[in-house]
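**Student:** model this:
(chains A and B)
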2 protein chains.
Amino acid sequence: MTTFLNATDIAQIVGRLGLGRFWPRLVDYLRQDFERWEAFHKSPRFARHSPVGVIELMPTSDGDSFAFKYVNGHPGNARLGLQTVVGFGALADIATGYPLLLADMTLATALRTAAISALAARHLARPDSRTMALIGLGAQSEFQASAFQSVLGIDRLRVFDIDEEATDKFERNMAGSPLSIVRCGDARSAAAGADIVTTITADKKFATILTEDMIAPGTHINAVGGDCPGKTELARALLLRSDIYVEYAPQTRIEGEIQQLDADHPVTELHDVVAGRRPGRVAPDSITIFDSVGFAIEDFSVLRLLRDLAHETGIGRKIELIAEPENPKDLFSLLRPFEAQARRDERRRAPAPLAN
Amino acid sequence: MTTFLNATDIAQIVGRLGLGRFWPRLVDYLRQDFERWEAFHKSPRFARHSPVGVIELMPTSDGDSFAFKYVNGHPGNARLGLQTVVGFGALADIATGYPLLLADMTLATALRTAAISALAARHLARPDSRTMALIGLGAQSEFQASAFQSVLGIDRLRVFDIDEEATDKFERNMAGSPLSIVRCGDARSAAAGADIVTTITADKKFATILTEDMIAPGTHINAVGGDCPGKTELARALLLRSDIYVEYAPQTRIEGEIQQLDADHPVTELHDVVAGRRPGRVAPDSITIFDSVGFAIEDFSVLRLLRDLAHETGIGRKIELIAEPENPKDLFSLLRPFEAQARRDERRRAPAPLAN
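**Tutor:** Numbering: from 1, shown residues only, chains lettered A, B, ... in the order given. The predicted structure is shown next:
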């Protein structure tokens, strides 16, 4: 039987630990997997584009486990009252090919996206960072706020969204957290005095949320919103004067902020920093950018953690995702009980033979 | 919510219709999809090979729906008491990216494999065919027997397997069917006098189950077992004197019987026959071969049928495969009830403050 975790199960697992214990655990799983980057098979994602969106399959594997995520991107879904991005994924055993875990990846993707930002910031933000600007208060914003509070010790937020309702929702969701939150009137005002600036705006086009003059020396920019071809958030001049860190350069050059730069513009892959092969922040007054687009190994890490936490907490359910006949060579036996019933039904439906 | 069908649900759906009504329905869905072959996006499968097996993702889509199948192949699983091939799949809406159906594909693959053989035989076997030889009585054998009885009107089987237990299992599963079954001592004897010869042996190597002298003029050969590089069942000379039909030539030249032939050996794609663009059997004494390896569009067809039958019969269950927050922009709301509980737990665990 395969373990299945729906979003409610995942929320319950997170609640059982509390976010304060969940975030460091997820960041640690990501750290472990980024440290053994070379152990992973990295494949281009499979993408099926249509005029209204994209559906993708993202596979990856280490020597023991195979993982994939199904994920879509449909900007027009918002008008239909649907989510623009949903997903689910599975983790399977390389040794037998049997699926071990099936899980919602809508919530899990939101969790891993915030956690990889926190892991990057641990290496790239100034250690004394306490104030974060959060620009764009959509579905990902609270996850970023919570992860940075838990992992980085951020205690002050300066927030902005062009939509007041999004800001209200954000404040509602953060009620009870130890974060002090300042509503700002625009992105410039939010960024002023922030040690870390997180951008997670949703516009699917080349936008300029941050320009060079808005960013003080020593700032770390966590650029999460620009994540597909044609979608960026940072001014080119800002990129040019910053140290840029990415997940996987070949993918980020197509999808990330750096699609605005020359193909050979130097960037550092985060796994090299995590593993100690390359430096993180080099000077207190550097501007660092984590140009986050999301990578399959992050899905692998969160699936691996969810598998372990399902086991530890007993949360989740077993489903018969694949047929499990008693005799593995006798698949047809599964049909027999129902087929016998069907024959009886057929006889009942047939007219009784005439006596003669 | 997404509809989920496990193997028991699928067996129950098949039972509700009865195999006699299920097979023509599935063959008809396959026919419809093969007739509109050009409407499908055909992608190479994604394969992750390891020393002990392979895990694959097989995606395909038409303009409305996207489907994929997860499937493995682990010959050594038999020694562990596990199935060598298991699978599951999903059907999603291209317009929104939302998954509509998740289903076991172990049983569903067995069903579609037999149904595509029956569809091919309807165009390639002599119309007066009544006797089928069945060589190899593993997990797929009963499906082939049942589909050919239902769709082609086969009423006599000549069966052989090197394993007596497999033959016993086959006879047990066929008890109550209108087929008369003759146990044969070897493949040659099974093939003697058969109008159709179906080979579904499991050896993962170049084997020679059928040679030219065993096959009478006018026979149709349904070659199902040879389905991956290095695995074949038919003698090369037999291939050379037969008319060969395949699902999708680029894939079959790698995986099918015709991997033994030159890369430009003429073959006919089945969809061209189904759509009337190319002839099926051309003469009563031709030898025809359907060199079946399995193709993603067949998985699409069976998923499409299962979606419709789940709707018609009410069988199956809804699962929350993807998170469904009340407000699609408020994913974090899913965590709030559990997070509030976690905070209360934390306070309870903390020592009570001293009164002063």
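**Student:** does any bit of stretch A:50-68 sit next to chain B?
**Tutor:** Yes. Stretch A:50-68 lies within reach of chain B by CB under 8 Å from any CB of the partner chain, at A:50, A:52, A:53, A:54, A:55, A:57, A:59, A:61, A:63, A:66, A:68. C-beta: built from backbone N, CA, C; applies to glycine.
**Student:** next, count neighbours for the fifth one.
**Tutor:** This means residue A:55. 25 (other CB atoms under 10 Å in any protein chain shown).
**Student:** how near is it to residue A:32?
**Tutor:** Distance, residue A:55 to residue A:32, using CB to CB, to the nearest Å: 30 Å.
**Student:** residue A:125 contacts residue A:152, doesn't it?
**Tutor:** Yes. If you go by CB atoms under 8 Å, residue A:125 and residue A:152 touch, sitting 6.6 Å apart.
**Student:** what segments of chain A are helices?
**Tutor:** Assigned by DSSP state H, the helices in chain A fall at A:7-17, A:19-35, A:106-124, A:141-152, A:164-174, A:187-191, A:236-240, A:249-255, A:270-274, A:296-313, A:336-349.
**Student:** closest point of the stretch 151-300 of chain A to chain B, which residue?
**Tutor:** residue A:173 (4.7 Å; CB to the nearest CB).
**Student:** now the stretch 201-350 of chain A against chain B: closest residue?
**Tutor:** For the stretch 201-350 of chain A, CB to the nearest CB, closest residue to chain B: residue A:338, 2.3 Å.
**Student:** thinking again about what came up before, Serialize the helices of chain A to JSON lines and add fields for mean neighbour count and mean pLDDT.
**Tutor:** Output for those, formatted as JSON lines (neighbours: other CB atoms under 10 Å in any protein chain shown; pLDDT from 0 to 100):
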{"stretch": "helix A:7-17", "mean neighbour count": "22", "mean pLDDT": "95"}
{"stretch": "helix A:19-35", "mean neighbour count": "20", "mean pLDDT": "97"}
{"stretch": "helix A:106-124", "mean neighbour count": "25", "mean pLDDT": "97"}
{"stretch": "helix A:141-152", "mean neighbour count": "25", "mean pLDDT": "97"}
{"stretch": "helix A:164-174", "mean neighbour count": "17", "mean pLDDT": "95"}
{"stretch": "helix A:187-191", "mean neighbour count": "21", "mean pLDDT": "97"}
{"stretch": "helix A:236-240", "mean neighbour count": "17", "mean pLDDT": "96"}
{"stretch": "helix A:249-255", "mean neighbour count": "17", "mean pLDDT": "91"}
{"stretch": "helix A:270-274", "mean neighbour count": "21", "mean pLDDT": "98"}
{"stretch": "helix A:296-313", "mean neighbour count": "22", "mean pLDDT": "97"}
{"stretch": "helix A:336-349", "mean neighbour count": "14", "mean pLDDT": "74"}
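**Student:** CSV for the ones you listed, including distance to residue B:229?
**Tutor:** Formatted as CSV, these follow (distance: least, CB to CB, whole Å):
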stretch, distance to residue B:229
helix A:7-17, 40
helix A:19-35, 32
helix A:106-124, 36
helix A:141-152, 45
helix A:164-174, 53
helix A:187-191, 56
helix A:236-240, 47
helix A:249-255, 29
helix A:270-274, 34
helix A:296-313, 27
helix A:336-349, 35
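**Student:** wait, isn't residue A:275 in contact with residue A:39?
**Tutor:** No. The criterion here is CB under 8 Å, and residue A:275 misses it with residue A:39 at 11.6 Å.
**Student:** which residue sits closest to the residue nearest to the spatial centre of chain A, ignoring its sequence neighbours?
**Tutor:** Among the residues of chain A, the one closest to the centroid is residue A:109, at 2.8 Å (CA atoms, centre = their mean). Nearest residue to residue A:109, sequence neighbours excluded (CB to CB, 6 or more residues apart in numbering or on different chains): residue A:87, at 5.6 Å.
**Student:** before we move on, what about residue A:335?
**Tutor:** The shortest distance from residue A:335 to any non-neighbouring residue, by CB to CB, 6+ apart, is to residue B:11 (5.0 Å).
**Student:** am I right that that neighbour is in contact with residue A:331?
**Tutor:** No. Assessed by CB under 8 Å, residue B:11 is found out of contact with residue A:331, at 9.9 Å.
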